[in-house]
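Asker: build me a model from this:
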Amino acid sequence: MQSRNSSLRNMMKTQYAEQQHMGAAYGPYGQMTQAPQVETMRIDDVIVRTVALVGATFVAAMVTWSMVAGGIENGDQAAISTAMTLGGIGAVVGLGVILFSMFKPVMNPVVCFVYAIGQGLLLGGVSAIFEQFYSGIVVNALLATVLVFGGMLALYKFRILKNSPMFTKVIVGAGFGIFALILVNFVASLFGANLGLFAAPGESVSALQWIIAIGLTVWAALSFILDFDMIEQSAAQGAPKKYAWAGAFGLTAGLIFLYWNLLRLLSYFQE
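Answerer: Okay, the predicted model is just below:
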């Protein structure tokens, strides 16, 4: 979920702490005994790492997609069960990484790729099921994800939408509420309870489910403004290069979350 904003905020705080530590270690400017050698982060570094993580997500998704799609076509329940098991493991791993990112920025590339692959395993199997109910919905959801992301980037680039202290408070506050909602729904599902917050493929959609789906999609799109701003500030302030992984993790998590909500929202329109 999009507690990636917490990860990026923690990234900024950790950068400041490291700068303070560096100053204490080397002394005030003009009195340094040795110049610190730190390779700084660039926006290009974030882009390259984001592409790599999204690519890993896609490859992992193709694994469970082929298992579920082939299993449905050939009546191989074992393949479908295996794919769902892999997806379940991916969901738990993803939840664990997101919880971790709420308290500390994710800068370890191994953790980033574990998250991306885990989410890909979940994404592929579920997407294949949606595709069986609504032919062509996955391609439409992927296209919509790219268009929404590109649109938000353009709105930020031309300063049509800007970050501000109030904007940050609203997005972050809503993000914690959304995370709590999804966590409660996930725990309830483990015990076989259906809270009626999300409609499954083929089910009728209630007004509440429409409101939740639209709200989550709008929040997912707007939260990119916060991500873009934090990445831009980090690059401008000369953050160490390792923080590029935190930025890439945030964008990847955002894209995955946006895709999930667009997939669900598009399915509602076909009920």
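
Asker: roughly how far does residue 60 sit from residue 99?
Answerer: Residue 60 is 21 Å from residue 99, where distance means C-beta to C-beta, to the nearest Å. Yep, even glycine has a C-beta here, placed from its N, CA and C like the rest.

Asker: between the two, which one's more packed in?
Answerer: More neighbours surround residue 60 than the other of residue 60 and residue 99, with 23 against 14 (other C-beta atoms under 10 Å).

Asker: got the phi and psi for the more buried one?
Answerer: phi -60, psi -40 (degrees, to the nearest 10).

Asker: what sits closest to it if chain neighbours are left out?
Answerer: Counting by C-beta to C-beta, 6 or more residues apart in numbering, residue 120 is the residue found nearest to residue 60 once chain neighbours are left out, at 2.8 Å.

Asker: so what pLDDT did the spatially closest residue to residue 76 that is not a sequence neighbour get?
Answerer: The shortest distance from residue 76 to any non-neighbouring residue, by C-beta to C-beta, 6+ apart, is to residue 70 (6.6 Å). For residue 70, the model assigns a pLDDT of 92.

Asker: now do residue 3
Answerer: 47.

Asker: with residue 55 instead?
Answerer: pLDDT at residue 55 comes out at 98.

Asker: and the one helix or strand it maps to, what does it pack against?
Answerer: Residue 55 belongs to helix 43-74 when elements are defined using DSSP states H and E. Other helices and strands packing on helix 43-74, by 3 or more C-beta pairs under 8 Å, 6 or more residues apart in numbering; DSSP states H and E, are helix 77-101, helix 109-133, helix 207-236, helix 243-269.

Asker: and with 6 Å instead?
Answerer: helix 77-101, helix 109-133, helix 243-269 (3 or more C-beta pairs under 6 Å, 6 or more residues apart in numbering; DSSP states H and E).

Asker: pick out the shakiest of those, pLDDT-wise.
Answerer: Per-stretch mean pLDDT for these is lowest at helix 77-101 (a mean of 90).

Asker: that helix vs helix 43-74, what angle?
Answerer: With axes from the mean of the first three to the mean of the last three C-alpha atoms, to 10 degrees defining the directions, helix 77-101 sits at 150 degrees from helix 43-74.

Asker: could you shift the numbering so residue one becomes 761, and keep it that way?
Answerer: Taking 761 as the first residue, the last one we looked at is helix 837-861.

Asker: could you say what helices and strands helix 837-861 packs with?
Answerer: helix 803-834, helix 869-893.
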